[in-house]
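1. Give me coordinates for this.
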Amino acid sequence: MRKVKTNNSLVSGLSLIIVMALAISCSKQSSSENNTNQGPPPADATHIYVQDSAFKAYLIAKICPDAFDKDGRLDITNPEVTGFTGKMVIDSTSKIESLNGIAYFTKMSKLVVQYAAVDSINLPTTMAVDSVMLLDNLDMQYVNVKGCTNMRYIRFENLPVKSLDLSNLPALNTITGLASKRLSTMKIDNNANLERLITIGLTALPTVNTSTCPNLQCLILDYSYAVTSLNLKNNAKLRRLIVTNATGFKTTDFSGNPLLETVQFDESGVDTVDFSHNPELYSVSMTYTPVRNMILLTNPKIYSLALDGCTHLQTVDLRAQTTANAWYIDFSKEIAMSSADAYEYFSYGYSSPVQTDKCINYQSATRKIDGDKADLYGGIRVPQYLDASGLSLTSIKVNDAIKNNYSFVMARRTNNLVPPPVITVYAADKTTILCHDYNPDIETCNN
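-> So this is what the prediction gives:
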């Protein structure tokens, strides 16, 4: 029997081919197995991942439970997203740190973020949201509401932001900003419908540009320590102005504000005022300011004047004023409100020369010497020695109609430490002198 020779090289080659084939087969099998266990699909044009698990849980629980697919992606075309018109409230109980994805709820009507750990609000695209409240969010470093072109109201409080851009928002009517002590820049440019800007405790804000807000009626900068200047020339509809505790704020030009009704500069640095272009003015409060003269010849409607503690004041001219009586709000309602709520509700002041739906209580100046029960100032308070521990007032010119106001009595009680101011009484024509030296205490002319 003939022996068959084996070709070793051929056998080796065949073995290698078999091994490679088996390896390829195993590789394909492994690849196939991996495909069946691959990760979730990526986000796409209609499906996104809400990265903050707490925000995702909030949306599932309260807003859009059926808008998430089996892989956990939010379907931004789902009617629960595109058709949501309600209110979102994000607070400390939700533990949310990021609101990425909220901008897809374009028809949301109201947004409240309060006591939350959220570090930013980013709403850059057009939304229907009507009101936004960002309150006591101590990590919130960035706010973008450029897409909120339908927003009529925004309130922010105690935010650590250094700048805030609220410009180019055509529907915006009211801005209320509170206790954001780092805010040094606030833009409100080109807001044609803005009527009210109310701030309390924005202690780093040096000014605000209102020149492109032609419908602004109420400007309140309360406890605004850093304010140094305001340009109000283009605010022809301005009715109420408050700037308090701004020691660097010395004066401003009121010539462009013919409808101005009430001004409050308490504890500010204002030393010069000119109200000659403000015939509608009826209330001025400048307590504890360095104002030197108060001339109100062109302001016959004034019935409220608070000048307590004005130790630099020399002359007060009230020849045009004929009453210290007015209608006032129910102050029990004001006391029950926060300062911000009160400013919003009583936007145009706490008193009025005529009865209104809010000013319902009539108060008048009275004198016991004339048979009344008490000595009441009404709305007029000129500087008094007891209030200021000093008095520079030398001259008070008054209309005959108000010469017996009890405030004038108190202004003359200087305990002989300084000469009392001389009170000169004028007739209704504001030029004819009826008495050169009047004593309102006993209602007698001394000469």
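
2. okay, the residue positioned nearest the centre of the chain: pLDDT?
-> The centroid of the chain falls nearest to Thr176 when counting by CA atoms, centre = their mean (2.4 Å). Confidence at Thr176, expressed as pLDDT, is 98.

3. dump the residue contacts of it.
-> 153-156, 196, 198-199, 340, 343-344 (CB atoms under 8 Å, 6 or more residues apart in numbering). (C-beta placed from N, C-alpha, C; glycine too.)

4. Turn the residues you listed into CSV, columns for pLDDT.
-> Shown next, in CSV, are these (pLDDT from 0 to 100):
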residue, pLDDT
Tyr153, 98
Ile154, 98
Arg155, 98
Phe156, 98
Arg196, 98
Ile198, 98
Thr199, 98
Ala340, 95
Tyr343, 97
Glu344, 97
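
5. Checking the residue nearest to the centre of the chain next. Helix, strand or coil?
-> Here Thr176 is recorded as strand under DSSP: H, G, I helix; E, B strand; the rest coil.

6. ranges for the helices of the stretch 201-350 of the chain?
-> With helices called from DSSP state H, counting those that start in this stretch, the stretch 201-350 of the chain shows them at 331-335, 339-345.

7. ok, the next helix or strand after the longest one: who's next to it in the sheet?
-> Next along the chain after helix 339-345, taking DSSP states H and E as the criterion, comes strand 351-352. Strands that pair with strand 351-352, judged by DSSP bridges, come out as strand 326-329 (antiparallel).

8. Now do the partner strand, average pLDDT.
-> Mean predicted confidence for strand 326-329 is 98.

9. Send over that strand as CSV, restricted to the C-alpha atoms.
-> C-alpha atoms of strand 326-329 as CSV (Å, rounded to 0.1, in the frame of the first residue of the first chain):
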residue,chain,number,x,y,z
ALA,A,326,-57.1,115.5,50.9
TRP,A,327,-58.4,111.9,50.5
TYR,A,328,-56.2,109.1,51.8
ILE,A,329,-56.1,105.3,51.4
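
10. chain center to it: distance?
-> Once both centres are worked out by CA atoms, centre = their mean, to the nearest Å, strand 326-329 turns out to sit 25 Å from its chain's centre.

11. could you point out which element follows the helix or strand of the chain with the lowest mean pLDDT?
-> Least confident element among the helices and strands of the chain, by mean pLDDT, DSSP states H and E: helix 8-36 (a mean of 46). For helix 8-36, the succeeding helix or strand toward the C-terminus, using DSSP H and E, is strand 47-48.

12. next SSE after that following strand?
-> Next along from strand 47-48, by DSSP H and E: helix 53-58.

13. Which pLDDT value goes with the residue nearest to Pro41 when sequence neighbours are not counted?
-> In this structure, Pro41 finds its nearest non-sequential neighbour in Asp71, 5.9 Å apart by CB to CB, 6 or more residues apart in numbering. With respect to pLDDT, Asp71 has a value of 95.

14. where do the strands sit along the stretch 51-200 of the chain?
-> Ranges of strands in the stretch 51-200 of the chain, per DSSP state E, counting those that start in this stretch, are 74-75, 87-90, 110-114, 120-122, 131-135, 142-144, 153-157, 163-165, 174-178, 185-187, 196-200.

15. Distance to Asn245 added to the ones you listed, as JSON lines?
-> Formatted as JSON lines, the strands of the stretch 51-200 of the chain follow (distance: least, CB to CB, whole Å):
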{"stretch": "strand 74-75", "distance to Asn245": "47"}
{"stretch": "strand 87-90", "distance to Asn245": "33"}
{"stretch": "strand 110-114", "distance to Asn245": "27"}
{"stretch": "strand 120-122", "distance to Asn245": "29"}
{"stretch": "strand 131-135", "distance to Asn245": "23"}
{"stretch": "strand 142-144", "distance to Asn245": "25"}
{"stretch": "strand 153-157", "distance to Asn245": "18"}
{"stretch": "strand 163-165", "distance to Asn245": "21"}
{"stretch": "strand 174-178", "distance to Asn245": "15"}
{"stretch": "strand 185-187", "distance to Asn245": "18"}
{"stretch": "strand 196-200", "distance to Asn245": "10"}
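
16. Asp119 is in contact with Glu97, isn't it?
-> Yes. Using CB atoms under 8 Å, Asp119 makes contact with Glu97 at a distance of 6.7 Å.

17. Need the overlap of contacts for these two.
-> Going by CB under 8 Å, 6+ apart, residues that sit against Asp119 and also against Glu97 are Asp139.

18. coming back round to it: now the residue nearest to Pro41: how far from Gln51?
-> 14 Å (CB to CB, to the nearest Å).

19. what do you get for Lys403?
-> Taking CB to CB, one finds Lys403 at 73 Å from Gln51.

20. More neighbours: which of the two?
-> Lys403 (20 against 11; other CB atoms under 10 Å).

21. Which residue comes closest to that one once chain neighbours are left out?
-> Val425 (4.9 Å).

22. cool, and Ser304?
-> That would be Gly379: by CB to CB, 6+ apart, it lies 3.5 Å from Ser304.

23. Hmm, that neighbour is touching Asn325, no?
-> Yes. With contact defined as CB under 8 Å, Gly379 reaches Asn325; the gap is 7.3 Å.

24. which residues of the stretch 201-350 of the chain score low on pLDDT?
-> Low-confidence segments of the stretch 201-350 of the chain (pLDDT under 70): none present.

25. Strands along that one, start to end?
-> 218-222, 240-243, 262-264, 283-285, 293-295, 304-306, 315-318, 326-329.

26. of these, which approaches Asp437 most closely?
-> Closest to Asp437 of those is strand 315-318 (CB to CB; 15.4 Å).

27. What residues of the closest one count as buried?
-> 316-318 (16 or more other CB atoms under 10 Å).

28. tell me what that strand is packed against?
-> Secondary-structure packing of strand 315-318 (3 or more CB pairs under 8 Å, 6 or more residues apart in numbering; DSSP states H and E): strand 293-295, strand 395-399.

29. Parallel or antiparallel, which strands does the shortest one pair with?
-> Paired with strand 293-295 in the same sheet, following DSSP bridges, are strand 315-318 (parallel).

30. now the last one
-> Paired strands of strand 395-399, with direction, are strand 315-318 (parallel), strand 422-426 (parallel) (DSSP bridges).

31. ok now it, how far from the chain's centre?
-> The answer for strand 395-399 is 38 Å, by CA atoms, centre = their mean.

32. do stretch 397-404 as well
-> With CA atoms, centre = their mean, you get 39 Å for stretch 397-404.

33. Straight-line length of that stretch, end to end?
-> End-to-end distance for stretch 397-404: 12 Å, by CA to CA, to the nearest Å.

34. Can you name the residues in contact with that stretch?
-> 315-324, 365, 367, 369-370, 380, 405, 408, 423-428, 430, 434-435, 438, 440, 443.
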